[in-house]
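Next input, structure requested:
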Amino acid sequence: MREQQSQSSRRALAYKIGFDPDYLEAFEHKMFIEGPQSARRLTNFFVLLLLAATIATYGLIADSTASVIGAMIVAPLMGPIMATAAAVVMGSAQRALRSLALVVVGVVCVIALSLALTWVVPDVAISFTENGQLSSRIAPGLLSLLTALASGAAGAFITAREEIADSMGGVAIAISLVPPLCVVGIALRVGEFGPASGAMMLFITNFLAILLAGGLTFLLGGLGRLAITDENVRTRRNAFIVVVVATLLIAIPLSVTTYNVVNNALEERAALQEVDAWLDGASYNIIAVNVNDRTVVATVDGYGELPPLKQLAGALAEKLGRPVVVKLRVVPSQLEASD
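Numbers count the residues shown, from 1 in each chain. Predicted coordinates for the structure are as follows:
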């Protein structure tokens, strides 16, 4: 009798908070690994996670976009992160801590497995400059944060609605969780600590964005009304403060990275214009112009005499606002005509 009253009151509360009353219980079951099937669900979680890490590790090294996308779809790591956000909104500290602990264990397992799997790969096969799948995950910027915020909101919106749950795979592809962790393991294996820290920053960015945007989406959807005690409300408030502060802190290095990327792109465009003006009238074409602090590397191809290099160095120094050393790479070309 008491159980029936409890179910009746939960259904009534579901109406008030905007959830489908027939879905609230299923939502909690889907979000939180608890109850008699916990062992089986944890086994499923780690099996899928380790398989996803294996696919992602070798897909990243092979520079295979299809394999990396497949790993994103298989990986279940977004589940406990989203569960942490839901538990925070509901004010359940115990559920939030359990879900967060699962995330931490999962992160450690993925990095460790990726590091171990990379031992069979020669170092020469790993490049953080030529491999696009690796290089794209080691220098996150503000766009990564904005993408992750939108993905976190979409994930929470989908999770809270049973009728569109099939769209979750798209969110898993949009936000990268397991691949950056695999990049951390790969980078640690070859002693590249810079790329490892960059990839870890990308994961932390995505993690915090899911917590913040997902939590706000759950809150706006009415889930926060399940926090019915003062302790629940206090837990939620404190947790949100921590997440917001952490997100703002991570936004600082992301902003610096974004500024450097944009500034470098503008400088390379300006340098390209100066090299083009310097070659005016010569039989040479520009292949590439790269600016690295006080060094400008210009690669050209053609034939014949070139203007004085000091003239280019002076023009570039004036344009960039600092003294520069110009390194010129000339690729000779030969024109032949058939009779």
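
C-alpha only now, for contacts and for neighbours.
Will do.

name the helices or strands packed onto the helix or strand harbouring residue 204?
According to DSSP states H and E, residue 204 maps onto helix 193-209. Counting contacts by 3 or more C-alpha pairs under 8 Å, 6 or more residues apart in numbering; DSSP states H and E, helix 193-209 is packed against helix 142-159, helix 178-189, helix 230-278.

Can you list the neighbours in contact with it?
Outside helix 193-209, the residues that touch it by C-alpha atoms under 8 Å, 6 or more residues apart in numbering are 81, 128, 137-140, 144-145, 148-149, 152, 175-177, 180-181, 183-188, 243, 246-247, 250.

Please apply the same query to stretch 259-273.
Under C-alpha under 8 Å, 6+ apart, the answer for stretch 259-273 is 288-291, 316, 319-320.

swap the cut-off to 10 Å and go again
139, 141-142, 253-258, 274-279, 286-293, 296-298, 312, 315-317, 319-320 (C-alpha atoms under 10 Å, 6 or more residues apart in numbering).

List the buried residues in the helix or strand just after the helix holding residue 204.
Counting by DSSP H and E, the next helix or strand C-terminal to helix 193-209 is helix 215-220. Of the residues in helix 215-220, 215-219 count as buried by neighbour count, 16 or more other C-alpha atoms under 10 Å.

Stretch 152-161 now?
Buried, per 16+ other C-alpha under 10 Å, within stretch 152-161: 152-160.

Just flag the most distant two among those residues.
Greatest spatial distance among the buried residues of stretch 152-161 (C-alpha to C-alpha): 152 and 160, at 12.4 Å.

picking up where we left off before, could you dump the buried residues of stretch 152-161 to TSV with distance to residue 200?
Formatted as TSV, these follow (distance: C-alpha to C-alpha, whole Å):
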residue	distance to residue 200
152	18
153	22
154	23
155	21
156	23
157	26
158	27
159	26
160	29
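
quick check, nearest of those to residue 25?
Of these, the one sitting nearest to residue 25 (C-alpha to C-alpha) turns out to be residue 160, at 11.3 Å.

and the closest one, what are its phi and psi?
With angles defined as degrees, to the nearest 10, residue 160 sits at phi -80, psi 0.

Now do it against residue 116, distance only.
Using C-alpha to C-alpha, to the nearest Å, residue 160 is found at 37 Å from residue 116.

again with residue 83
29 Å.

More neighbours: those two, which one.
residue 83 (27 against 14; other C-alpha atoms under 10 Å).

Make sure residue 155 is actually in contact with residue 173.
No: with contacts counted by C-alpha atoms under 10 Å, residue 155 stays clear of residue 173, the gap being 11.1 Å.

low pLDDT regions in the stretch 151-300 of the chain?
163, 165-170, 226-228 (pLDDT under 70).

what does the model give residue 32 for pLDDT?
If you check residue 32, the pLDDT there is 89.

isn't it right up against residue 85?
No: if you go by C-alpha under 10 Å, residue 32 and residue 85 don't touch, sitting 11.1 Å apart.

anything in contact with each of those two?
95-96, 99.

wait, which of those residues is closest to residue 63?
Set against residue 63, the nearest of the shared contacts of residue 32 and residue 85 by C-alpha to C-alpha is residue 99 (32.2 Å).
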